[in-house]
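> give me coordinates for this.
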Amino acid sequence: MGQLTAAVGRTCVVREIDWPTGRVTLDAMYAEEDRYRLSSGASRKAEMLFERGYATLDESVSDYVAGRVDDRLQQPSHVYAWFDPVDPRPPAVTPLPTTEVSSLQQLVDSFLLPPANIYPASPDQARAAVEGLNTRVQLIQGPPGTGKTTTTALSVLLRVLAGGRAGDIVLLAAHTHTALDNLLERIDRYREAFTQHAAANGRRVPPIKLVKVHTNDPTQHVVGGSVENLPAAILGVKKKLTELTTGAVLVIGGTTAGLLKLASAVEKLKTFNGGAGLGAALLVVDEASMMVFPHFLALATLVPSNGRILLAGDHRQLAPITAHDWEAEDRPPMVLYQPFASAYDAVRRIIGAQDEGGNPTVPATSARWSGLTLTFRLPPVVRELIARVYRRDRIELAGLPRTVTAVPDVGGPFWGHVWKWNIGLFLAIHDEDGSRRSNPVEVAIVEQLLSAAPPLPAGSVAIITPHRAQRSLLATRLAALSGTEGPVGVIDTVERLQGGERPTVIVSATVSDPTAIEASVEFILDLNRANVAFSRVQDRLVVVCSRTLLDHIPAEAEHYQSAILWKALRGLCSELVAESEVNGHRVRLYRPPHAYDNLGSANGRHD
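Here you go, the predicted structure:
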């Protein structure tokens, strides 16, 4: 007890975990208690907290971003009127002449994407990039594999070309470093080639400089290339920003905390930008469906009255994680303003608002939606599975034709059917019905499946499960296949894999106990969670689940509608391939009829 109470109040950064010895090295952080943070002590010198015995490491409940967001939202801003949930008033922009729009469209259509320099952007990507030129706030919806990052990068470069001036600042924000780094890297990859392409067509792109702002250690999450690192601290920031904005458009990428910390430091510099702070001509928010609305609104206050905003995301994928039961919230301000909603959903409601006559209350020159339709990643049969989700958003997913090839006598008579085809969708249904958070039968199924596989590239397989207990069990049993050279590249929950992709994806549904399914049906059969899990695949998707899960009929109509993908999976995989027994339980392997294998449209192009 003395050990536990002595360690209370230490918020730390984990620096190293030595699994063989059990030694964990931590850097303690000092923090005073406030509305969003617990108090935390910090040692002045290295010390051993626990030489023997047991201790727990838990995720910190302190919110280091909320304090900055709260401070920002206490200040008056014109953007509050832009996104008012009752009477949104984003100002309209003056549309470009039709001839100029056509010229810019041709420019984007003919730009060959680096590094291959073979294919241009798809027509829907080019259209979305150009549509953003004639609106104040643009919302780009990018279903899985449609090249959302490519579209966003092209949009930034096109806007700099069309209206950028030396000294302008463009802010890129994302909920995670991964999404942010990918976007910065993509802009960096396209920048020089796009500038040369524009010059060949008689247009000039202002010089562009790219930086990433860091709140702590600048050696962490380094993008590379020509993307510089910029500390968010006030020391030296004026000189550096002045240097970066002189004669160039400065693109600054950062998380919400990083950008708000930098903005606070800049606003203390009364001689920079006339005391107007960062004054972003354009704010770009990537993975907007993962960022809560108040964080976005705080970032939007950095946009002047003549600035513009671009959000990219997909509300059909995972939303921000919240601990409070917002669905049961009945306080009128919360019901009206919905601070728990994502930035994507908040802006989508504004764009979709209509008056009593059914007319849009916000014109397209003020805010508009652009949808991407061509998925480069998904094999045709998986695209057919998730396409029904996006028809709700007036998006008819198209894809690239894929040639189906078969290798005979691979992996034996049962699991060999999975590895026989270069692409495909398979459903393995078992009759075990007593598992809640871990399922040894499904682990055994995954083991047998992988043991029957031909030699696979390192890291080419992702295994997804809803529960951490099942993840731990899988990681232990598949340790020999998960090394640096092993085929299993990741074993994790859906939340951790959003934005990722692998040639082969195996989904272990885990839960089979009927009572447990009913108790957590909103989580297990959630539409967005299933969409992310099924759409990480590039070639081959294998879903392992119990018969009780597929047979379950949710009591609530809302939950039944949410289970559409699981029900569609069962209907689509109607051809019985083989039967076997695993750990005393019957397992049946299904796949769609062969006609689904050659679904496809569009020209032979890839991203």
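
> where in the stretch 51-200 of the chain is pLDDT low?
By pLDDT under 70, the low-scoring segments of the stretch 51-200 of the chain are 52-55.

> what ranges do the strands span in it?
Here the stretch 51-200 of the chain has its strands, by DSSP state E, counting those that start in this stretch, at 137-141, 169-174.

> what's downstream of whichever helix in the chain runs longest, the next helix or strand?
Assignment by DSSP state H gives helix 177-200 as the longest helix of the chain. Later in the chain than helix 177-200, the nearest helix or strand by DSSP states H and E is strand 208-214.

> mean confidence for that following strand?
In this model, strand 208-214 has a mean pLDDT of 94.

> how about stretch 224-243 as PDB, C-alpha atoms only?
Coordinates of each C-alpha in stretch 224-243 appear next as PDB, following Å, rounded to 0.1, in the frame of the first residue of the first chain:
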ATOM      1  CA  GLY A 224      11.700  13.800 -43.300                       C
ATOM      2  CA  GLY A 225      12.200  15.100 -46.800                       C
ATOM      3  CA  SER A 226      12.200  18.900 -46.900                       C
ATOM      4  CA  VAL A 227       9.800  19.200 -44.000                       C
ATOM      5  CA  GLU A 228      11.500  21.200 -41.300                       C
ATOM      6  CA  ASN A 229      10.800  21.000 -37.500                       C
ATOM      7  CA  LEU A 230       9.500  24.000 -35.700                       C
ATOM      8  CA  PRO A 231       9.400  24.100 -31.800                       C
ATOM      9  CA  ALA A 232       6.100  25.600 -30.500                       C
ATOM     10  CA  ALA A 233       7.900  27.500 -27.700                       C
ATOM     11  CA  ILE A 234       8.100  31.300 -28.000                       C
ATOM     12  CA  LEU A 235      11.900  31.400 -27.900                       C
ATOM     13  CA  GLY A 236      13.100  32.300 -31.300                       C
ATOM     14  CA  VAL A 237       9.800  31.700 -33.000                       C
ATOM     15  CA  LYS A 238       9.500  35.200 -34.400                       C
ATOM     16  CA  LYS A 239      12.800  35.100 -36.200                       C
ATOM     17  CA  LYS A 240      12.100  31.600 -37.600                       C
ATOM     18  CA  LEU A 241       8.600  32.400 -38.800                       C
ATOM     19  CA  THR A 242       9.800  35.700 -40.400                       C
ATOM     20  CA  GLU A 243      12.500  33.700 -42.200                       C
END
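
> residues of it that come out buried?
Taking 16 or more other C-beta atoms under 10 Å as the basis for neighbour counts, the residues of stretch 224-243 that come out buried are 227, 230-232, 237-238, 241. From N, CA and C alone the C-beta is placed, and that goes for glycine too.

> name the residues that touch that stretch?
Residues from elsewhere that reach stretch 224-243, judged by C-beta atoms under 8 Å, 6 or more residues apart in numbering: 184-185, 188-189, 209-215, 218, 222, 244, 250, 252-254, 258, 261-262, 265-266, 268-269, 271-272.

> those residues, buried ones only, as a ChimeraX selection?
Here is the ChimeraX command that picks out the buried ones among the contacts of stretch 224-243, judged by 16+ other C-beta under 10 Å:
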select :184,185,188,189,209,210,211,212,213,214,215,244,250,252,253,254,258,261,262,265,266,269,272
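
> where do the helices sit along the stretch 1-150 of the chain?
Here the stretch 1-150 of the chain has its helices, by DSSP state H, counting those that start in this stretch, at 2-7, 66-73, 79-82, 98-109, 123-131, 148-163.

> same list, those, but as a markdown table with distance to residue 527 please.
Listed next are the helices of the stretch 1-150 of the chain as a markdown table, based on distance: least, C-beta to C-beta, whole Å:
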| stretch | distance to residue 527 |
| --- | --- |
| helix 2-7 | 41 |
| helix 66-73 | 28 |
| helix 79-82 | 30 |
| helix 98-109 | 33 |
| helix 123-131 | 23 |
| helix 148-163 | 19 |
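
> in this structure, where is pLDDT below threshold?
1-9, 52-55, 217-220, 234-235, 321-324, 408-409, 411, 594-607.

> okay, now the domains of it?
Each structural domain of the chain that the record assigns through automatic domain parsing is listed here as a residue range: 1-62, 66-321+346-372, 380-598.
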